[in-house]
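S.K.: With the input below, show me the fold.
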Amino acid sequence: MKKISITLLFLLLTINIKADLLFNKIKHNFGTITQFSTVSTVFFYTNKSDETIKIKSIHTTCGCTVPLNYKKILKPGEVGSVTIIFNSEDFTGLISREIFFETKPRLTTKPKLTIIANVIPKFKFTPDKLIIDIKSGVKSYTRKIVLTSQLYEKFTIKKLTYNKRALNISVNKISENKYYIILTLYSDYIKADKFHYYNEKIIFYILTKTGIKDKILYFIYGRKP
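M.R.: Below you'll find the predicted structure:
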């Protein structure tokens, strides 16, 4: 009986020492950024409890999001901060990542912070991919695509990697930030049927005016009836 009473007392004390952190914001929107860029923001937090809070760890839902330089011990009333770094290299589109805190003692409400970004590619293909329905008796198909810098910066196509038996490619520079590319696809190399697409990939190696090297992919899909 005495052992049970001690256990209950311990549980009550554990519940009573739950602490609270007050954040200046729980969400940050980076807005529209370009792919391969790295952005950061700072979240501030205040210990609003009567207990010292130890931040054991801060973890995120993706390796692309990293917490840095955060204050680990906060006495009552103290203010800390954490810098959140987001690397957009591997993403495009609307991206959302979450940040979680592990503390001692446990918080009354476990904090969950969120960062949001709309990541647009540095370079844009028009159309974004080619889909070709192969017709009987037609040996080749020629299409034109346009490659443009979304940042309107000068760039150079340094090299292309592709299947030279299946494709012939002609590159034409129109301006400092735009290229026309003429693609000819030879149907004899398309091993596919009406249920399965043939996939051809072109790798563009880009050098920008600022000396940054990029690698971008373009896909062509072919299907035989």
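S.K.: which SSE is the closest residue in space to residue 67 that isn't next to it in sequence in?
M.R.: Spatial nearest neighbour of residue 67, chain neighbours left out: residue 58 (4.2 Å); criterion: CB to CB, 6 or more residues apart in numbering. Yep, even glycine has a C-beta here, placed from its N, CA and C like the rest. Counting by DSSP states H and E, the element that carries residue 58 is strand 53-60.
S.K.: What is the subsequent helix or strand relative to that strand?
M.R.: Heading C-terminal from strand 53-60 (DSSP H and E), you reach strand 65-68.
S.K.: Local confidence estimate at the nearest residue to residue 179 once chain neighbours are set aside?
M.R.: Nearest residue to residue 179 in three dimensions, chain neighbours excluded: residue 147, at 4.6 Å (CB to CB, 6+ apart). The model reports residue 147 with a pLDDT of 96.
S.K.: list the contacts for residue 82?
M.R.: 42, 43, 45, 58, 67, 68, 69, 70, 71, 99 (CB atoms under 8 Å, 6 or more residues apart in numbering).
S.K.: Output stretch 157-175 as PDB, restricted to C-alpha atoms.
M.R.: This file holds the C-alpha atoms of stretch 157-175, laid out as PDB (Å, rounded to 0.1, in the frame of the first residue of the first chain):
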ATOM      1  CA  ILE A 157      24.800  24.500 -72.200                       C
ATOM      2  CA  LYS A 158      28.300  22.900 -71.700                       C
ATOM      3  CA  LYS A 159      27.400  19.300 -72.500                       C
ATOM      4  CA  LEU A 160      24.600  16.900 -73.200                       C
ATOM      5  CA  THR A 161      24.400  13.200 -72.300                       C
ATOM      6  CA  TYR A 162      21.900  11.000 -74.200                       C
ATOM      7  CA  ASN A 163      21.400   7.900 -76.300                       C
ATOM      8  CA  LYS A 164      22.900   8.900 -79.600                       C
ATOM      9  CA  ARG A 165      21.400   6.000 -81.500                       C
ATOM     10  CA  ALA A 166      17.900   6.900 -80.500                       C
ATOM     11  CA  LEU A 167      18.200  10.700 -80.600                       C
ATOM     12  CA  ASN A 168      19.700  13.500 -82.700                       C
ATOM     13  CA  ILE A 169      19.900  16.800 -81.000                       C
ATOM     14  CA  SER A 170      20.600  20.300 -82.300                       C
ATOM     15  CA  VAL A 171      21.100  23.200 -79.800                       C
ATOM     16  CA  ASN A 172      20.500  26.800 -80.900                       C
ATOM     17  CA  LYS A 173      21.200  29.800 -78.700                       C
ATOM     18  CA  ILE A 174      18.500  32.400 -79.000                       C
ATOM     19  CA  SER A 175      19.500  34.800 -76.200                       C
END
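S.K.: Having no further points to raise, I will conclude here.
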